[in-house]
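Undergrad: quick one, structure for this:
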Amino acid sequence: MINSVKKAEKSKIWDPIDEDVRPALFERDLNELNKKYNAYKKHPNSIRFKLFLCFIPVFLLVGISVFFLGPFLRILAELDNAAGVVVLPFVFVIWYIRKIFLVQRDIVKLMIAKANNWTYSPAEKPSRWRLFKRKYPEIFYKGNQDQNMQDEFWGDFDSGTQKVSFYAGVFAYVTKTKDSKGRSSKKTYYNTIVAIKLNKKLKSDFRLEPEGLGRKFLNFFGSKEIEMESAEFNDKFAFFYNGKRADKELDIVGTLSPSVQVRILQMAREQKPFTLQFKDDIALFAFKGRMMKKMKTNFFRKVEIDQRDIDELNKWLNNMLNIASDIVPFLD
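TA: Down below sits the predicted model:
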């Protein structure tokens, strides 16, 4: 059983958008998550039974199409949205499976937060996305509906040599488009966000993005390209900043000392491609995709968290934070 979050907090929790983060604010959501988990453990067969109920419309559709194929096809031919009739029964199945998988993911993250004494919130919060967008528009001004922050962690990470405050969360957004015939389609995207509090406020704000021909072309003709000592670093990253290169280059080169370049390159080799924003006293990383994609846990087989999921996510977070925190003391 997962313990609920304590109401008392020892000190103010650091947040990259300066919101007043208090564990008590998330207690209701976490108690609901606990309640679901305990109910599933108490009645494990209920998950499979509800999945069976969701499949009933599918069974009916298959039965009708097999035993009454001719009339069924004639009816479909007369309908304006025949595809929708065929697809609709599967929607209930997909919705329910997704719901259970989301609960599994939230429980794994809550266990990790409790083990590390971090604060965790699984809720989807559009209001926090709006604050992130205001501060980091280059990273969060994406999608045209349903933007939110979710699966958020706050805490302190001890690398062994120092302790740094960090934030991690998932930025979700939907892009809705229409084709030439006016038909709408939606696609949901996820970005994993990790922010580290630096030990000083930087003189210049700038952004690093994975290098590509398009970015190299734009930067070259916009006179934005900055050459670092490391040829590998120059090949992997493109620079983005406001203002003229002559005004910013010295500050940026000073921030990205050889030691900092080494650690950013190490992260580039070990992690998925990422965008890195340096702003004020914060280093913010944005990775494509969720923190957790594939899970070994499967409540449809057994209502139990697979320890490998906890170990895998914990390892990713610790490796990520270990490298990121190493950047802090080397910033000039």
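
Undergrad: tell me the helices in the stretch 101-250 of the chain, going along the chain?
TA: For the stretch 101-250 of the chain, helices defined by DSSP state H, counting those that start in this stretch occupy the ranges 126-135, 137-140, 213-221, 231-236, 245-255.

Undergrad: determine which of these approaches Asp306 most closely.
TA: Closest of these to Asp306 is helix 126-135, at 29.8 Å (criterion: Cβ to Cβ). Just so you know, the C-beta spots here come from the backbone N, C-alpha and C atoms, and that holds for glycine as well.

Undergrad: could I have that closest one exported to CSV, CA atoms only?
TA: As requested, the backbone C-alpha atoms of helix 126-135 are provided in CSV (Å, rounded to 0.1, in the frame of the first residue of the first chain):
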residue,chain,number,x,y,z
PRO,A,126,-3.3,23.3,-18.4
SER,A,127,-2.6,26.2,-16.1
ARG,A,128,0.9,25.1,-15.5
TRP,A,129,1.5,24.7,-19.3
ARG,A,130,0.4,28.3,-19.8
LEU,A,131,3.0,29.5,-17.2
PHE,A,132,5.7,27.4,-18.9
LYS,A,133,4.7,28.8,-22.3
ARG,A,134,5.0,32.3,-21.0
LYS,A,135,8.5,31.7,-19.7
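
Undergrad: in a markdown table: the helices of the stretch 101-250 of the chain, plus mean pLDDT and mean neighbour count.
TA: Formatted as a markdown table, these follow (pLDDT from 0 to 100; neighbours: other Cβ atoms under 10 Å):
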| stretch | mean pLDDT | mean neighbour count |
| --- | --- | --- |
| helix 126-135 | 96 | 16 |
| helix 137-140 | 94 | 17 |
| helix 213-221 | 51 | 12 |
| helix 231-236 | 87 | 14 |
| helix 245-255 | 82 | 15 |
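
Undergrad: mind putting those in a markdown table, distance to Ala113 included?
TA: Formatted as a markdown table, the entries for these read as follows, by distance: least, Cβ to Cβ, whole Å:
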| stretch | distance to Ala113 |
| --- | --- |
| helix 126-135 | 17 |
| helix 137-140 | 23 |
| helix 213-221 | 36 |
| helix 231-236 | 32 |
| helix 245-255 | 31 |
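
Undergrad: can you list the low-confidence ranges for the stretch 51-200 of the chain?
TA: Judged by pLDDT under 70, the stretch 51-200 of the chain has its weakly predicted residues at 61-87.

Undergrad: can you map out the strands along it?
TA: Assigned by DSSP state E, counting those that start in this stretch, the stretch 51-200 of the chain shows strands spanning 119-121, 145-158, 163-178, 184-197.

Undergrad: of those, which is nearest Lys135?
TA: Between Lys135 and the strands of the stretch 51-200 of the chain, the shortest separation by Cβ to Cβ is 10.3 Å, and it involves strand 184-197.

Undergrad: closest to Ile17 out of the helices of the stretch 101-250 of the chain?
TA: helix 126-135 (4.4 Å).

Undergrad: which elements pack onto the closest one?
TA: Identification of packing neighbours for helix 126-135 by 3 or more Cβ pairs under 8 Å, 6 or more residues apart in numbering; DSSP states H and E yields helix 137-140, strand 145-158, strand 163-178.

Undergrad: so can I have CSV of those showing distance to Asn298?
TA: Formatted as CSV, the helices and strands packed on helix 126-135 follow (distance: least, Cβ to Cβ, whole Å):
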stretch, distance to Asn298
helix 137-140, 33
strand 145-158, 19
strand 163-178, 21
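
Undergrad: what's the closest of these to Asp20?
TA: When the helices and strands packed on helix 126-135 are compared (using Cβ to Cβ), the closest one is strand 145-158, at 11.5 Å.
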